[in-house]
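Asks: What shape does this take:
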Amino acid sequence: MNNPLTKRELQIVELLADGLNAKDISERLHISVETVHSHKKNMLFKSDSKNSVMLVAQCIKNGLI
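Replies: The predicted structure is shown next:
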């Protein structure tokens, strides 16, 4: 992963790894669903992942979660 994830992005990817969807994550973190999607889009770009499963796998592989 070229660019490190922010603290908020790490929170979101951990919740994705726990199986939560964007709506559940937004409620848990008290942010909008659109903000969750924005963070996810940024993380996918940073990790060069095509989807959330690849993103979570990359984060596990790199010891981020």
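
Asks: Can you read off the pLDDT for the most centrally placed residue in the chain?
Replies: Ranked by distance to the mean C-alpha position of the chain (CA atoms, centre = their mean), the top residue is residue 13 at 3.1 Å. On the pLDDT scale, residue 13 is placed at 97.

Asks: That one and residue 65 touch, don't they?
Replies: Yes - between residue 13 and residue 65 there is a contact under CB atoms under 8 Å: 6.1 Å. Any C-beta I mention is one placed from the backbone N, CA and C, and that applies to glycine too.

Asks: and residue 50, which of the three is it?
Replies: Local secondary structure at residue 50 is given as coil here, using DSSP: H, G, I helix; E, B strand; the rest coil.

Asks: Could I get the contacting residues of it?
Replies: Each residue near residue 50 by CB atoms under 8 Å, 6 or more residues apart in numbering is listed here: residue 44.

Asks: how close does it get to residue 7?
Replies: Counting by CB to CB, to the nearest Å, the gap from residue 50 to residue 7 is 24 Å.

Asks: before we move on, the earlier item: find the residues that touch each one of residue 13 and residue 65.
Replies: 56, 59.

Asks: which residues in the protein form helices?
Replies: Counting by DSSP state H, the chain has these helices, from start to end: 7-17, 22-29, 33-47, 52-61.

Asks: Now residue 17: closest residue in space, sequence neighbours ignored.
Replies: Sequence neighbours aside, residue 56 is the residue nearest to residue 17 in space, at 4.7 Å (criterion: CB to CB, 6 or more residues apart in numbering).

Asks: Hmm, the one you found is touching residue 16, no?
Replies: Yes - applying CB under 8 Å as the test, residue 56 and residue 16 come out as touching, 5.7 Å apart.

Asks: Distance check, the closest residue to residue 55 other than its chain neighbours against residue 30.
Replies: Sequence neighbours aside, residue 49 is the residue nearest to residue 55 in space, at 4.2 Å (criterion: CB to CB, 6+ apart). Going from residue 49 to residue 30 by CB to CB gives 26 Å.

Asks: Which of these two has more residues huddled nearby?
Replies: When neighbours are counted by other CB atoms under 10 Å, residue 49 comes out ahead of the other of residue 49 and residue 30, with 18 against 6.
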